[in-house]
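>>> Below are the sequence and a predicted model for it; my questions follow.
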Amino acid sequence: MSDSEIDSGLNIDNSFARELVDFYSLFAGDKAPSPKLIKFNRPLAKTLGLDLDNLSDEKLAAMLSGGASVKGSIPLAQAYAGHQFGGFSPQLGDGRALLLAEVLDLNQQRRDIHLKGSGRTVFSRGGDGKAVLGPILREYLLGEAMHSLNVPTTRALAVVTTGERVMRQHLLPGAVLARVASSHIRVGTFQFFAARGQSDKVKLLADYTIERHFGHLKDSPDCYLGLLGEVCDKQASLIAKWMNLGFVHGVMNTDNMTICGETIDYGPCAFIDNFDPSAVFSSIDSQSRYAYSNQPAAAIWNLSRFAETLLPLINNDTEQAVELATQVINSFEQSYQQYWLTGMRSKLGLSNQEPEDLALANELLEILAAQKVDFTQLFRALGNLLQGGGETANMLFTDPEVFQQWQQRWSARLSRDPLRSKLRVESMHMVNPVYIPRNYQVEQVITAAEENADFAPFEKLLAALTSPFEQNEDFDEFSAPPADEFGCYTTYCGT
Ligand code: AMP
Ligand code: MG
């Protein structure tokens, strides 16, 4: 071990580096001139097995900003392709990111520790390889909020400022995000060699993915069709969770869709305040391709591109392969509907199933859209309404009579459900959050951090988002929707 090598205590196993030699370029990142640990997710770090007793903040900052050598690790930038807003780019890859270490955590689960903003790689194209503090803090908040909302997601491990100023609209503090994922294999990773006609490489990746994520398929004669089915199922479940919470990812390009089913790349994403099925926040999504209500369709489109990469593995006869893959893709709609409706039933406090539930849920959403009602507040208010707090719910509507008519149907439906009322409210409060990362609040805490180096507001919001289902009077300010002056919210990619 050389002097500068960091002994992290991690149980490192470089399977991606070992088995997929053509899928990456070795890269350890640039050394930051003056790395400083701004935020560190200690509970997550512990589960990863980081030796926190022997790693000072200085060492952690050096390790989690790039350019340091971590004992036993083979850091690398991964290659991938991708359809971006429908147009295909054969070569994208980690342009400002790298896989710092692939580890077996304390539960023996394989996880990637990844850095974002750690310098230019062979995949950087015109980019500077950097990231700036504001968007990095935003990804930290959004990722941790999603985790606490029980949505599969990459986790945020650390934020390190680099001591550099990075040019965006003006000079901004440079920062690196360390994040953790079950893997960073994307639909775009499969597209990289599929687009080059190298199905032997696609097979290598498919076999690796099955081994890493879907071990039960290993001995199946239809393992590649099975892989497609599993990925479709995971995405159907994931997108349903987004929809149940009012989350808009904003950039569902195939390079931002993981095979393991975790939400990745919190760039232009945002949560809806007033319910609007056509909500779009991203500055570049002028065609509303990734609008809230288009997300299931966007997922099917991406999964169809994934299926195309697997066709040569599914069957030698292309026609047969297309037919088999199409059947699987076609099943997405139904499984998505099921996941979504199960989520809606929970939100409405229903434990049994009746055929009219779909209409009941959709009718409520129509009223919310027509009257521009705050999505998060309303669902939380429904639980409170059952405890006699009906006024709060009614106050959210400009025309409460329409809501009251719906409420009568809902009450009749609840009377046919076996859940006891106390349990019902508790179960509703476990899926209808009080706190979501509201856009205006996220902006406020980022501005305080960027302009005044004041991280207290960030910490407070993060604390609220870490227990999103528990009403806490210390966090009252975070349950409020934006004032009208906040106006339409716009988000940006690649910052
Ligand atoms: P994204 O939209 O963030 O998923 O990024 C799409 C592609 O652009 C990926 O290949 C990124 O690595 C790359 N990229 C984004 N920002 C930068 C940057 N500042 N420097 C280099 N590459 C970047
Ligand atoms: Mg991306």
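Alright, I've got the coordinates. Ligands and ions are numbered 1, 2, ... in the order given.

>>> going forward, measure contacts and count neighbours with C-alpha atoms only.
Noted.

>>> Strands of the stretch 101-250 of the chain, start to end?
110-116, 155-167, 171-181, 247-248 (DSSP state E, counting those that start in this stretch).

>>> How far off centre is the third one?
Right, strand 171-181. Here strand 171-181 is found 16 Å from its chain centre; the criterion is Cα atoms, centre = their mean, to the nearest Å.

>>> What of the shortest one?
Centroid separation for strand 247-248 versus its chain: 10 Å, with Cα atoms, centre = their mean.

>>> Quick one: mean pLDDT over that strand.
The average pLDDT for strand 247-248 rounds to 98.

>>> For the next helix or strand after that strand, name the packing helices and strands.
Going down the chain from strand 247-248, the next helix or strand is strand 270-271, by DSSP states H and E. Packing partners of strand 270-271 (3 or more Cα pairs under 8 Å, 6 or more residues apart in numbering; DSSP states H and E): strand 247-248.

>>> Okay, now the sheet partners of the strand it packs on, with direction.
strand 270-271 (antiparallel) (DSSP bridges).

>>> if we can go back for a sec, among the strands of the stretch 101-250 of the chain, which comes closest to residue 136?
Among the strands of the stretch 101-250 of the chain, strand 171-181 comes nearest to residue 136, with 5.9 Å by Cα to Cα.

>>> For the strands of the stretch 101-250 of the chain, could you give me a markdown table that also reports mean neighbour count and distance to residue 455?
A markdown table is the format used below for these (neighbours: other Cα atoms under 10 Å; distance: least, Cα to Cα, whole Å):
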| stretch | mean neighbour count | distance to residue 455 |
| --- | --- | --- |
| strand 110-116 | 24 | 21 |
| strand 155-167 | 22 | 12 |
| strand 171-181 | 23 | 14 |
| strand 247-248 | 23 | 25 |
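
>>> Would you mind giving the ones you listed as a markdown table with distance to residue 483 added?
Below are these laid out as a markdown table (distance: least, Cα to Cα, whole Å):
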| stretch | distance to residue 483 |
| --- | --- |
| strand 110-116 | 33 |
| strand 155-167 | 29 |
| strand 171-181 | 28 |
| strand 247-248 | 20 |
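
>>> how about those in CSV, adding distance to ligand 1?
Formatted as CSV, those follow (distance: least, Cα to the nearest ligand atom, whole Å):
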stretch, distance to ligand 1
strand 110-116, 9
strand 155-167, 10
strand 171-181, 11
strand 247-248, 15
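
>>> who in this protein is up against ligand 1?
Proximity of the chain to ligand 1 (Cα under 6 Å from any ligand atom) is limited to residues 92-96, 124, 127-130, 256, 493-494.

>>> Show me just the buried residues among those.
With neighbours counted by 16 or more other Cα atoms under 10 Å, the residues of the chain next to ligand 1 contain buried members at 92-96, 124, 128-130, 256.

>>> Among those residues, which are located in helices?
Judged by DSSP state H, these include no members of helices.

>>> give the contact list for the residue in the stretch 301-450 of the chain positioned nearest to ligand 1.
The nearest approach of the stretch 301-450 of the chain to ligand 1 comes at residue 302, 14.4 Å away (Cα to the nearest ligand atom). Going by Cα atoms under 8 Å, 6 or more residues apart in numbering, residue 302 touches 187, 253-254, 257.

>>> Same check on residue 90?
Residue 90 sits next to 80-82, 191-192, 195 when contact means Cα under 8 Å, 6+ apart.

>>> could I get those residues as TSV with neighbour count?
What follows is these, written out as TSV (neighbours: other Cα atoms under 10 Å):
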residue	neighbour count
80	25
81	23
82	28
191	28
192	25
195	19
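
>>> quick one: low-confidence ranges for the protein?
Applying pLDDT under 70 to the chain picks out residues 1-3, 494.

>>> domain assignment for it?
Listed domain ranges for the chain are 15-184, 188-345 (source: automatic domain parsing).

>>> mind giving me CSV with those domains and columns for distance to residue 441?
Listed next are the domains of the chain as CSV, based on distance: least, Cα to Cα, whole Å:
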stretch, distance to residue 441
domain 15-184, 11
domain 188-345, 12
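
>>> Tell me which of those sits nearest to residue 397.
Residue 397 lies closest to domain 188-345 among the domains of the chain, at 11.0 Å (Cα to Cα).

>>> So what's the gap between that closest one and the chain middle?
With Cα atoms, centre = their mean as the basis, domain 188-345 stands 13 Å off its chain's centre.

>>> Kindly report the same for stretch 47-55.
Averaging C-alpha positions (Cα atoms, centre = their mean) puts stretch 47-55 25 Å from its chain's average.

>>> Sort out which residues of it are buried, please.
Result for stretch 47-55 [16+ other Cα under 10 Å]: buried residues 48-50, 55.

>>> just curious, which of those residues is nearest to residue 484?
Nearest to residue 484 among these is residue 48, at 43.0 Å by Cα to Cα.

>>> residue contacts, residue 281?
Counting by Cα under 8 Å, 6+ apart, residue 281 touches 248, 250, 268-270, 489-491.

>>> And these, which of them are buried?
Neighbour counting with 16+ other Cα under 10 Å marks 248, 250, 268-270, 491 as buried within the contacts of residue 281.

>>> Switch those residues over to CSV; also include distance to residue 35.
Below are the buried ones among the contacts of residue 281 laid out as CSV (distance: Cα to Cα, whole Å):
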residue, distance to residue 35
248, 33
250, 31
268, 26
269, 28
270, 29
491, 27
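
>>> Name the nearest of these relative to residue 428.
Among the buried ones among the contacts of residue 281, residue 248 lies closest to residue 428 (Cα to Cα), at 22.2 Å.

>>> Please name the bridge partners of that closest one.
The partner residues for residue 248, given DSSP bridges, come to residue 270.

>>> and what of the one 10 residues further on?
Listed beta-bridge partners, residue 258: residue 186 (assigned using DSSP bridges).

>>> Perfect, I'm done here.
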